[in-house]
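S.K.: Give the three-dimensional model of this entry:
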Amino acid sequence: EVDESIPLVRVRDLYTREVELFKDLNTSLIYTVSICIFWVHMCLGWKKLVPADALQIPKDHVKNVTYLGWIAATAVVSMYLSVVWYTYFAPVL
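M.R.: Residues are numbered from 1 along each chain as shown. Purely as a prediction, here's the structure:
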């Protein structure tokens, strides 16, 4: 049952657009390369940021905090890439 007193709101079908984009191998590869560049940027930036005096991380902890940051960056990148490649390999509904 549709309530006619509520105005109709048009929305974009993001799922269909995502499937259209990521079913193309070239688009998926370009996206993957871009995300990998972003990952390298995060890791190098984190390595440079952690020893900075502004963060006040004790010298003994810098190495461990750097590794934790790299693990977090890898987790974020893995989530981004899993969407692309799952969409690429999944059957179209």
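
S.K.: which residues in the protein form helices?
M.R.: For the chain, the helices defined by DSSP state H cover 14-22, 25-49, 62-89.

S.K.: Show me what counts as buried in the longest one.
M.R.: For helix 62-89, the buried set under the neighbour-count rule, 16 or more other Cβ atoms under 10 Å, comprises Val65, Thr66, Gly69, Ala73, Val77, Leu81, Val84, Thr87, Tyr88. For every residue, glycine as well, the C-beta is placed using N, CA and C.

S.K.: and Ile6, which of the helices of the chain is closest to it?
M.R.: Smallest distance to Ile6 across the helices of the chain (Cβ to Cβ): 21.9 Å, for helix 14-22.

S.K.: Direction-wise, compare the closest one with helix 62-89 and give the angle.
M.R.: For helix 14-22 against helix 62-89, the angle by axes from the mean of the first three to the mean of the last three Cα atoms, to 10 degrees is 90 degrees.

S.K.: sorry, back to before: among the helices of the chain, which is nearest Gln56?
M.R.: With Cβ to Cβ, the closest approach to Gln56 among the helices of the chain belongs to helix 62-89: 11.1 Å.

S.K.: Since that was my last question, I'll sign off now.
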